[in-house]
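> The amino acid sequence is not available; the structure is as follows:
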């Protein structure tokens, strides 16, 4: 969906009626066509863009890769836990999947309500903020940011596990392949290839077709009794047969719930849908959940039937496809390719979601403000690179093992589910307090009376309780396996958010103009210092600019070589137009220090109300590579002098003509 | 010696008689006391500093660590080659050492002459440049830079080999220890601890005392027949007994010549000595060579006598000390500590030499010019970090194996020896062409007639031929073991030098004022654009500065949030003093793009001769850590706009009051 909305044409807004004559409102800024090369991710528009929206079929493709791709690892990770308790325990796989699908139904109903209540997009952060307050919102934000990182690590690791299943020779290189993939996705996002709905539709529908053919044929062959079992399954080393305990069953359930990650995506992106938006988004959500539930049940049923062995060497999906298609043939490879593609798409989605959520949090002043300006290449790149580096680091640390990463995953997702659903049920409770037909505006969102508020509150409360319980089960059963990391990380992130917010708040009050007296008069002495390294065309350009600023100009030359100095002196006599040139001898061949010394002396001796501007000629090479051959004097001076009041530094660029 | 010369007090030079009234020569710049924290390495002074020089005893300590430390690996690496041909071949060790000492004598005599001919310092680069021309000088420069890197890798690896010999449990961590040591030396150099002669004297003399005690007692015990052999020597695996061939002997000889690396150090630093400089430096050189030769002969003689086995697990020095002192006792540890210290000092010297030579090459325009200004912290740090990273990379690549690194080492040293000696002998030949008593100045150095020019030319020619032959032997016998890398690297570096020089040359001619017409008139329209993100005290400061520059001021506000925009508009009505404010609506929440778009429109529509200055309010946080929370708008604009002619960007810093 990203980039879909950016071709909006410029239009002049009606003049603001209140504006004073010296305030102009110009043309609204709409990114030009070529902005696509840095505009990545769905634009956070303030105004609406009714054209260029997407229908249900494309919407499904754009928003469901994260959720759908989870079937590639969810059932397998459930089996991994059950397998240690022997074949008998595997019988629990299908009932557990049914429980997970039950949870999916609850989630779907809850989010369906969120979609209608927040037609402009209701992510966990916004819903928590509007209904529960600051702290829950920050917890939701921290949870989601953590989880986007893990989505990248887990999805890419699982994608590589699929590749390795098809080509076992690559097994020992899986961490390298996974990290290379992450860096590749990072580069694509840095370059900002403009994605259309079609970019998403092709791999998503390719995956759906392949996985439905696979499970369809599998169920048909099961029904006709010709399915059989996995030929030559991967080895499973079982030293001690664990007993089937409730704890084991709950651990398996927790692992299985990772299949539900990504279900919330549609509720974040409602504005992208065609009108009637909420209706279309809601319908898409139901379709997505239907497909996801069917796949979950089908895959977990068949996996057990064929005697699939959970293994790092070959995924369950691969074992299933191999058994259904009778070997590693062409159609098997197509099924694996589809699965790998959807997993990579899911990781790619996180690269759009991470900066988008950061922007929301930044707008509220809990993350560096520059993140709120998504368009800025520099800032945006920073987020993409950060995400890629942390995700790659995790992949290396866990050697691209999905089973290793899973305990870190999903806590954040379920925590944000819980907060979002709690927020919604609090909202219904508030609506229940209204008189019929009444409408109030609270924290920017409109609450209007709904006669079915009881029912809706119950739906969302059930959602909140169910997801909250899953989160607790997850945290408890996975605590020692790695979940503790996340339980430390999320409060730490919240701490950082609060620290940042405090800084901005303090700053704003200190800079405020309330009780600020009349500012000091505008005029005063203006001295201009021009450091020169030679007398050439570039120097003259800087001097010309200096003359524009003031009549009080001093050129400074740092003399390290007497012969050179003499030449400069001669040229100054011809070209200096009578301006003052100060030569500072630097027998130790230092450059910056004597220059700084001279400037600092000027600063120390200045009159009250005197402003000093340093005008630095700066050569701009025609090619980037030559940059290393030229000093950035202005940058260095800026670094040293930026903290001095009333000293400004300007570079006057020159290029070879 | 580093930093010794920087306490020179400021003094006012006599007014230049030729200077015109508007050219001022100020106080000479002498670094203040606290400059020590970034002034690292011997200052390259243009003027002389007759006080603060050092005597022979300190001079020996300062300049000889590189040469003296070579005895820790030279003899051992010679034995490593001989050992594969069995015990009989080890008999060649002492005769080969005698040959190496012979070479040392030739080198010493040659450099003694260089010292007197170049009283202001005659490194291989300068001598080659003055007497042989550009290309030989560049080859010498490239060779030396390569070798400084290897000095760090080899010396530190050998130092760690000593530590590992004393504490064998550390063997498997040697690469980590070595890299940690390199990074430690790097940090010390980055922080720029001011070193005095004493800093060098203590470890150097400690090493000398320990090594002389060791060899002395060793020889005494040998003479009295109580020396014995190494107890429990390291294992030496010999699968095939190689025959004793000339090639093998020459390879052993090549390895042994690495003991001579560092002999040239004194000739580079003559100016540091007390007057009579050349005499003192020369005497120090002879002392150093005498000690080095004695140690070489002593160590190689004793090593063979005790049946030392060259090994990565225990150094020959350690085996010798252990045998002499009868075990790993306190005095043994002291001897090993001394050896390790001198090796680390040698590596540390390279950290001073590398930037110093870079500066010389940069002054001539073959390396980025900013390297010529040694004092600049930024630039200097860059060189130190580069050196540390490459040296660490090599250590990792060779797993801190001295034997692995040795084939890359010493080619550069001997190539520079050869060029330096050839340059000197060419110089004597030129002097031979003069009339008695005559004196000419050529390329900045004075040639005056010397009746003994024949003899001196012969000395230097013998030196050139001998070192040239060693270089060839080294290159041929070590070619496949790694010497080829250096034989590719040196021409590549020379290519880079020439590329850089060409760039500067082209640039200078294009910027030249020769045939440059009268510059365009100084005045024209001056528009000032002030991007603002709010109206607060910082904004007012920027506007105040803008008013100083011009009356044509436009403030620009990028509106992403209608509510915020309204507030800004209100404040502008109070504080804007009637200045123009342009509000650009940015519904996609972009910031930099609409601002750039607006500025670019201004640029496109400007009148001829119009200059645009962009004045950006820039918040300066009180603590470094807050920097990440504030946009560097000016830096971003600069990046995008620096190539536009006549657009200047200034930041007006503000801090919280």
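All right, it came through fine. Computed from a predicted model, the values in this text were never measured in an experiment.
> And the helix or strand hosting residue A:361, what does it pack against?
Under the criterion of DSSP states H and E, residue A:361 resides in helix A:330-363. Other helices and strands packing on helix A:330-363, by 3 or more Cβ pairs under 8 Å, 6 or more residues apart in numbering or on different chains; DSSP states H and E, are helix A:56-69, helix A:124-131, helix A:134-166, helix A:174-191, helix A:197-223, helix A:265-268, helix A:316-325, helix A:377-397. No exception for glycine: its C-beta is placed from N, CA and C like everyone else's.
> who's in contact with the first one?
Residues from elsewhere that reach helix A:56-69, judged by Cβ atoms under 8 Å, 6 or more residues apart in numbering or on different chains: A:1, A:54, A:151, A:155, A:158, A:197-198, A:200-201, A:203-205, A:207-208, A:260-263, A:265-266, A:269, A:272-273, A:280-281, A:283-284, A:287-288, A:291-292, A:295, A:339, A:342-343, A:345-346, A:348-350.
> Just the buried ones among these, please.
Neighbour counting over these (16 or more other Cβ atoms under 10 Å in any protein chain shown) leaves A:1, A:54, A:151, A:155, A:158, A:197, A:200-201, A:203-204, A:207-208, A:260-263, A:265-266, A:269, A:272-273, A:280-281, A:283-284, A:287-288, A:291-292, A:295, A:339, A:342-343, A:345-346, A:348-350 as the buried ones.
> List the buried residues for the helix holding residue A:361?
So helix A:330-363, judged by 16+ other Cβ under 10 Å, has buried residues A:331-332, A:334-363.
> now do stretch A:573-588
A:573, A:575-576, A:579-588.
> what's the answer for stretch A:455-463, then?
For stretch A:455-463, a neighbour-count test (16+ other Cβ under 10 Å) marks A:456, A:457, A:459, A:460, A:461, A:462, A:463 as buried.
> and it, average pLDDT?
For stretch A:455-463, the mean per-residue pLDDT is 88.
> quick one on the thing from earlier: take the helices and strands packed on helix A:330-363 and lay them out in JSON lines including mean pLDDT and distance to residue A:473.
Conversion of the helices and strands packed on helix A:330-363 to JSON lines gives the following (pLDDT from 0 to 100; distance: least, Cβ to Cβ, whole Å):
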{"stretch": "helix A:56-69", "mean pLDDT": "86", "distance to residue A:473": "20"}
{"stretch": "helix A:124-131", "mean pLDDT": "88", "distance to residue A:473": "19"}
{"stretch": "helix A:134-166", "mean pLDDT": "92", "distance to residue A:473": "16"}
{"stretch": "helix A:174-191", "mean pLDDT": "86", "distance to residue A:473": "28"}
{"stretch": "helix A:197-223", "mean pLDDT": "89", "distance to residue A:473": "28"}
{"stretch": "helix A:265-268", "mean pLDDT": "83", "distance to residue A:473": "23"}
{"stretch": "helix A:316-325", "mean pLDDT": "92", "distance to residue A:473": "22"}
{"stretch": "helix A:377-397", "mean pLDDT": "80", "distance to residue A:473": "23"}
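> contacting residues around residue A:201?
Taking Cβ under 8 Å, 6+ apart, one finds A:57, A:58, A:61, A:62 in contact with residue A:201.
> Need the max-distance pair from those residues.
Using Cβ to Cβ, those span at most 10.0 Å, a distance reached by A:57 and A:62.
> who has more neighbours, those two?
Set side by side, residue A:57 and residue A:62 show more neighbours around residue A:62, with 28 against 13, by other Cβ atoms under 10 Å in any protein chain shown.
> Residue A:551: neighbour count?
9.
> just to revisit the earlier point, output the buried residues of stretch A:455-463 as JSON lines; include the columns distance to residue B:70.
Formatted as JSON lines, these follow (distance: Cβ to Cβ, whole Å):
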{"residue": "A:456", "distance to residue B:70": "84"}
{"residue": "A:457", "distance to residue B:70": "84"}
{"residue": "A:459", "distance to residue B:70": "82"}
{"residue": "A:460", "distance to residue B:70": "78"}
{"residue": "A:461", "distance to residue B:70": "80"}
{"residue": "A:462", "distance to residue B:70": "80"}
{"residue": "A:463", "distance to residue B:70": "75"}
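> Narrow the residues you listed to those in strands?
Among the buried residues of stretch A:455-463, no member falls in strands (criterion: DSSP state E).
> Just those: which are in helices?
A:456, A:457, A:459, A:460, A:461, A:462, A:463 (DSSP state H).
> Which residues are in contact with the second one?
By that I understand residue A:457. With Cβ under 8 Å, 6+ apart, residue A:457 has these contacts: A:425, A:428, A:429, A:432.
> just those residues: which has the poorest pLDDT?
For the contacts of residue A:457, the pLDDT minimum is residue A:432, 84.
> who are the neighbours in contact with residue A:262?
A:64, A:65, A:66, A:67, A:68, A:69, A:70, A:151, A:346, A:349.
> On the three-state scheme, the closest residue to the fourth one other than its chain neighbours is what?
Using Cβ to Cβ, 6 or more residues apart in numbering or on different chains and skipping residues adjacent in sequence, the residue nearest residue A:67 is residue A:262, 3.5 Å away. Assigned with DSSP: H, G, I helix; E, B strand; the rest coil, residue A:262 falls in the coil class.
> okay, residue A:262: pLDDT?
What the model reports for residue A:262 is a pLDDT of 87.
> One more: residue A:537?
85.
> Need the pLDDT of the residue nearest to residue A:478 when sequence neighbours are not counted.
Using Cβ to Cβ, 6+ apart and skipping residues adjacent in sequence, the residue nearest residue A:478 is residue A:407, 4.0 Å away. What the model reports for residue A:407 is a pLDDT of 87.
> Residue A:407 and chain B: what is the separation?
31 Å (Cβ to the nearest Cβ, to the nearest Å).
> and that residue, what is it in contact with?
Residue A:407 neighbours (Cβ under 8 Å, 6+ apart): A:478, A:481, A:482, A:483.
> In chain A, where is pLDDT below threshold?
For chain A, residues meeting the criterion pLDDT under 70 lie at A:1-52, A:191-197, A:373-380, A:443-444, A:518-523, A:657.
> Would you agree residue A:589 is in contact with residue B:369?
No: assessed by Cβ atoms under 8 Å, residue A:589 is found out of contact with residue B:369, at 11.7 Å.
> near chain B, which residues of the stretch 401-550 of chain A show up?
Within the stretch 401-550 of chain A, the residues that sit near chain B (Cβ under 8 Å from any Cβ of the partner chain) are A:500, A:503-504, A:506-508, A:510-513, A:516, A:519-520, A:522-524, A:526, A:535-538, A:540, A:544-545, A:547-549.
> Out of these, which sit inside strands?
residue A:526.
> Buried subset of the residues of the stretch 401-550 of chain A next to chain B, written for ChimeraX?
Restricted to buried positions by 16+ other Cβ under 10 Å, the ChimeraX selection for these reads:
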select /A:500,503,504,507,511,513,526,535,536,537,538,540,544,545,547,548,549
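> And the residue nearest the centre of chain A?
residue A:354 (1.5 Å; Cα atoms, centre = their mean).
> tell me the contacts of the nearest residue to it once chain neighbours are set aside?
Once flanking residues are discounted, residue A:354 sits nearest to residue A:148: 4.4 Å by Cβ to Cβ, 6+ apart. Residues counted as contacts of residue A:148 (Cβ under 8 Å, 6+ apart) are A:350, A:353, A:354, A:357, A:387.
> how about residue A:239, secondary structure?
Criterion first, three-state DSSP; result for residue A:239: coil.
> on that earlier part again, include distance to residue A:235 when you put the helices and strands packed on helix A:330-363 into JSON lines, please.
Shown next, in JSON lines, are the helices and strands packed on helix A:330-363 (distance: least, Cβ to Cβ, whole Å):
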{"stretch": "helix A:56-69", "distance to residue A:235": "27"}
{"stretch": "helix A:124-131", "distance to residue A:235": "42"}
{"stretch": "helix A:134-166", "distance to residue A:235": "14"}
{"stretch": "helix A:174-191", "distance to residue A:235": "17"}
{"stretch": "helix A:197-223", "distance to residue A:235": "23"}
{"stretch": "helix A:265-268", "distance to residue A:235": "37"}
{"stretch": "helix A:316-325", "distance to residue A:235": "13"}
{"stretch": "helix A:377-397", "distance to residue A:235": "24"}
